[in-house]
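Chemist: Attaching a predicted model along with its sequence, questions to come.
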Amino acid sequence: MTDSPVAPVQVPGTVLTIRRTGAYHAMTLVAPGIAERFRPGQFVALAVGGERSSMLTRRCFFVREVKPDYGGTVEVVFAVRGAGTQWLAALRPRDILDVAGPLGRPFPLPRHPVRCVLVGEGHSGAALFPLAAVLRQRECTVHFVLGGAESDHVYGTRAARRAGDSTSVVTEDGSLGHRGRPEDLLAAVVEEVGAEVLYACGPTETLRAVSRIAVRYDLPVQVAVEEPMSCGTGVCQACVLPVIDDEGVTHMARSCVEGPVFRGERVRWDDLGTIPFDAYGAPRSLLPGSLT
Amino acid sequence: MTTDLETRLGGLTLPNPVLTAAGCGGTGRELGRFFDVGRLGALVTPSITPRPRAGRPAPRLAETPSGVLNAAGLQGPGIETFLSRDLPWLAERDARVIVSIAGGSVGEYAEVARLLGDAPGVAAVEINLSCPDVENRGSTFAAHPSAAARLVRAVRASAPRRLPVFAKLSADVTDIVGVAMACADAGADGLSMINTLHGMAIDTTTLRPALAGVTGELSGPAIRPVAVRCVYQVHAALPEVPIIGIGGIRTGLDALEFVLAGASAVAVGTATLHDPSACVRVLRELDGALKERGIDRLVDVVGLAHKPAGSVHRRIDPNVGLAVAGDAAGAGSTEPIEQETTQ
């Protein structure tokens, strides 16, 4: 467990705006204290269903943008997937919900101006925009590769065109930009722009492919995982994935506190959903007691 | 007039009765970012095992109505790392620490208890009895009075005499009172109840079990009535044995419910997943709830629900200095006995 540099806050958040954006919803909350603590790649954990909710796990979303207005606002982008996100989508301005954040390990930033490629798939791509803003401040060049299943599942193409030096768009059905997946385009983009650093955010398949390409080109790669989180604060240990540490030992790392940003080549993508036999603390025998 | 929230668990005195439940409050650092862990009555650690454990594969957790089903498999770094890394951090912050211990055999539990030894900052030991006993075909210790007693006796013998030992019981048994009695007879200084209930959820999208572990452990407000029943039954049978009430506590009133059933302290578990400040909020709400009811001392109402309606808690009015033994004499009176004052 890493002590994050700045402790998060837990505050009542007031909905300022909520709107549709393609297949997703973008919600801006007034949540004082989060904006000044936030660093790109971090997320917020929202309580859903009101004070007496029967839904006890938090819904965690990457932060799209923070602003100092009204004491501090936070924008998140989410997809409706179940009862909790349905409840969120039905919120209206002035509604109040409990917000904890900013949480998690942020994207490490390059010290020098370098050429960066930012890969996003689906609504998680929202996490790339605050990153792009900081990279631009550091005089890095920023090239976006954005993908989604179909045109309305690609998040942020217009914002990317404003913020990036180039933007490539790819959809699985070919309804917007190229047909395929982000990783199909990535190698070409990496070569064309002479990428020095890769950042990615999205579903596992995308992150696994991006990490492979980074290894092939010997580039540093930082990925923000979408692993489903239940508390966002590190207590429930539900969001683990096998990650190799500095000593070469695999640990079941919690994506909410040790992540959500990991070095892509350190995540054992092929072993997700398992406890690798050589993981730290893996069961050593198949007797019943060592499996529970 | 402030409410006196001090509580006693056998030989252990705590400034307030609100604890974290094992495995739901992390090792302190997680919640320490939201409030000072020294404000807790005590922090109960995740179950500490003799060796590191990687736990179960993901998915480990599923949300169920007013509950959470989990199969995390006691992931943890083991006793050595706990002693060298986590415990000193807690001791630095003056947190009172109750160490939950687990293992696959009686010997493993005893080993952990022995290694805890005289580590500074440990206030008590809680035995997680819900682990399968490798030496008994994987049946859990909590399931049989004799297995539970055997384990409690071994831990009691290995743990330093000064450390109170609590046995955490499972409600997945036919007769929890029998198990409670066996634990008390074997030397447990107190009982923690209840642990999670065994459950299962199936994902209707994937058409498969929601958890990689197939079955899991249910916690949260969904199990609260079961927990209150267990505390009530065991307190009725063993009124002198202190109880830590656990199971779906989310508010101060939930905590009060457990106290009335017979718990001297309460532990907040799943609510912490929903609200990282749940423990301090429950403490504040419990304080308010006692004030509203004119109760000056928490210990006066432990187990009050067992007394006939109309009886009131023992109360000493500082203005007149008269002891009003309501619970002894007031069984027939309908009005709570209170001294009129001129304030």
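Modeler: Looks like it came in fine.
Chemist: use CA for all of it now, contacts and neighbours both
Modeler: Noted.
Chemist: in stretch A:56-76, what's buried?
Modeler: For stretch A:56-76, burial by neighbour count (16 or more other CA atoms under 10 Å in any protein chain shown) applies to A:56-66, A:72-76.
Chemist: ends of that stretch, how far apart?
Modeler: Start-to-end span of stretch A:56-76 (CA to CA, to the nearest Å) is 20 Å.
Chemist: any residue of it up close to chain B?
Modeler: Yes - Stretch A:56-76 lies within reach of chain B by CA under 8 Å from any CA of the partner chain, at A:56-58.
Chemist: Without its sequence neighbours, what residue ends up closest to residue B:226?
Modeler: residue B:171 (7.6 Å; CA to CA, 6 or more residues apart in numbering or on different chains).
Chemist: related to what we said a few turns ago, with secondary structure and pLDDT as added columns, please give the residues of stretch A:56-76 next to chain B in TSV.
Modeler: Listed next are the residues of stretch A:56-76 next to chain B as TSV, based on DSSP: H, G, I helix; E, B strand; the rest coil; pLDDT from 0 to 100:
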residue	secondary structure	pLDDT
A:56	coil	95
A:57	coil	95
A:58	coil	95
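Chemist: what's the pLDDT at residue A:51?
Modeler: For residue A:51, the model assigns a pLDDT of 86.
Chemist: Oh, that last question was meant for residue B:341, not what I typed.
Modeler: On the pLDDT scale, residue B:341 gets 37.
Chemist: measure residue B:262 to residue B:307 for me?
Modeler: Counting by CA to CA, the gap from residue B:262 to residue B:307 is 11 Å.
Chemist: So for those two, which residue has more residues nearby?
Modeler: Neighbour count, other CA atoms under 10 Å in any protein chain shown: between residue B:262 and residue B:307, residue B:262 has more, with 30 against 14.
Chemist: Could you measure from the closest residue in space to that one that isn't next to it in sequence over to chain A?
Modeler: Of all residues not flanking residue B:262 in the chain, residue B:303 sits nearest, at 3.7 Å (CA to CA, 6+ apart). Separation of residue B:303 from chain A (CA to the nearest CA, to the nearest Å): 27 Å.
Chemist: got a list of what residue B:303 touches?
Modeler: Going by CA atoms under 8 Å, 6 or more residues apart in numbering or on different chains, residue B:303 touches B:232, B:235, B:259-263.
Chemist: Go again with 7 Å.
Modeler: Residue B:303 makes contact with B:259-263 under the criterion CA atoms under 7 Å, 6 or more residues apart in numbering or on different chains.
Chemist: In a markdown table, list the residues you listed along with pLDDT.
Modeler: As requested, the contacts of residue B:303 are arranged in a markdown table below (pLDDT from 0 to 100):
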| residue | pLDDT |
| --- | --- |
| B:259 | 97 |
| B:260 | 96 |
| B:261 | 97 |
| B:262 | 96 |
| B:263 | 97 |
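Chemist: Check the residues you listed and tell me the two furthest apart.
Modeler: B:260 and B:263 (7.0 Å; CA to CA).
Chemist: Quick check: can you list the domain ranges of the chain?
Modeler: Since no chain was named, I'll use chain A. A:9-103, A:107-226, A:229-282 (automatic domain parsing).
Chemist: switch to chain B, that's the one I care about
Modeler: Split by automatic domain parsing, chain B gives B:7-55+B:72-198+B:217-306, B:309-343.
Chemist: gap between residue B:302 and chain A?
Modeler: Counting by CA to the nearest CA - residue B:302 and chain A are separated by 26 Å.
Chemist: For that residue, list the residues it contacts.
Modeler: Counting by CA under 7 Å, 6+ apart, residue B:302 touches B:259-260, B:262-264.
Chemist: ok, which stretches of the stretch 101-250 of chain A are helices?
Modeler: A:128-137, A:157-163, A:182-193, A:204-217 (DSSP state H, counting those that start in this stretch).
Chemist: Return a ChimeraX selection command for the buried portion of the contacts of residue B:303.
Modeler: Here is the ChimeraX command that selects the buried residues among those (16+ other CA under 10 Å):
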select /B:259,260,261,262,263
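Chemist: Just name the most buried of the domains of chain A.
Modeler: domain A:229-282 (a mean of 22; mean count of other CA atoms under 10 Å in any protein chain shown).
Chemist: Mind checking the domains of chain B for the one nearest to residue A:267?
Modeler: Comparison of these against residue A:267 by CA to CA identifies domain B:7-55+B:72-198+B:217-306 as nearest, at 15.6 Å.
Chemist: Need the nearest residue in space to residue B:3, chain neighbours excluded.
Modeler: Using CA to CA, 6+ apart, the closest residue to residue B:3 is residue B:296 (4.8 Å).
Chemist: Just to check, that neighbour is in contact with residue B:6?
Modeler: No - judged on CA atoms under 7 Å, residue B:296 makes no contact with residue B:6 at a distance of 10.8 Å.
Chemist: Looking at those two, which one has more neighbours?
Modeler: The neighbour count for residue B:296 versus residue B:6, taken as other CA under 10 Å, is higher for residue B:296 (21 against 16).
Chemist: quick one: that one from chain A, how far?
Modeler: For residue B:296, the distance to chain A - CA to the nearest CA - is 28 Å.
Chemist: same deal with residue B:162?
Modeler: Counting by CA to the nearest CA - residue B:162 and chain A are separated by 30 Å.
Chemist: Tell me how many other residues crowd that residue.
Modeler: 11.
Chemist: And the pLDDT for it?
Modeler: For residue B:162, pLDDT reads 89.
Chemist: Show me which residues of the stretch 51-200 of chain A are close to chain B?
Modeler: For the stretch 51-200 of chain A, the contact set with chain B under CA under 7 Å from any CA of the partner chain comprises A:54-58.
Chemist: Touching, residue B:70 and residue B:219? I think so.
Modeler: No - the criterion here is CA under 7 Å, and residue B:70 misses it with residue B:219 at 8.2 Å.
Chemist: Residue A:74 in helix, strand or coil?
Modeler: strand (DSSP: H, G, I helix; E, B strand; the rest coil).
Chemist: Would you mind measuring from it to chain B?
Modeler: 19 Å.
Chemist: Now that residue: closest residue in space, sequence neighbours ignored.
Modeler: Per CA to CA, 6+ apart, closest to residue A:74 is residue A:66, 4.6 Å.
Chemist: Contact partners for that neighbour?
Modeler: Residue A:66 neighbours (CA under 7 Å, 6+ apart): A:35, A:73-75.
Chemist: can you check residue B:133 too?
Modeler: Residue B:133 sits in contact with A:289, B:104-105, B:139-141, where contact means CA under 7 Å, 6+ apart.
Chemist: Quick one: list the elements packing against the lengthiest strand in chain B.
Modeler: In terms of residue count, the longest strand belonging to chain B (DSSP state E) is strand B:122-128. If you count contacts as 3 or more CA pairs under 7 Å, 6 or more residues apart in numbering or on different chains; DSSP states H and E, strand B:122-128 packs onto strand B:97-101, strand B:165-169.
Chemist: any chance of the ones you listed in TSV, with mean neighbour count, mean pLDDT and distance to chain A too?
Modeler: Formatted as TSV, those follow (neighbours: other CA atoms under 10 Å in any protein chain shown; pLDDT from 0 to 100; distance: least, CA to the nearest CA, whole Å):
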stretch	mean neighbour count	mean pLDDT	distance to chain A
strand B:97-101	27	96	14
strand B:165-169	28	96	17
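Chemist: and chain B, which of its residues are near chain A?
Modeler: B:24-26, B:30, B:33-34, B:52-54, B:56-61, B:63, B:65-67, B:72-73, B:104, B:132-134, B:138, B:273-274.
Chemist: Just the buried ones from these?
Modeler: Buried, going by 16+ other CA under 10 Å: B:24-26, B:30, B:33-34, B:52-54, B:56-61, B:63, B:66-67, B:72-73, B:104, B:132-134, B:138, B:273-274, out of the residues of chain B next to chain A.
Chemist: Hmm, residue A:170 is touching residue A:186, no?
Modeler: No - between residue A:170 and residue A:186 there is no contact under CA under 7 Å: 10.3 Å.
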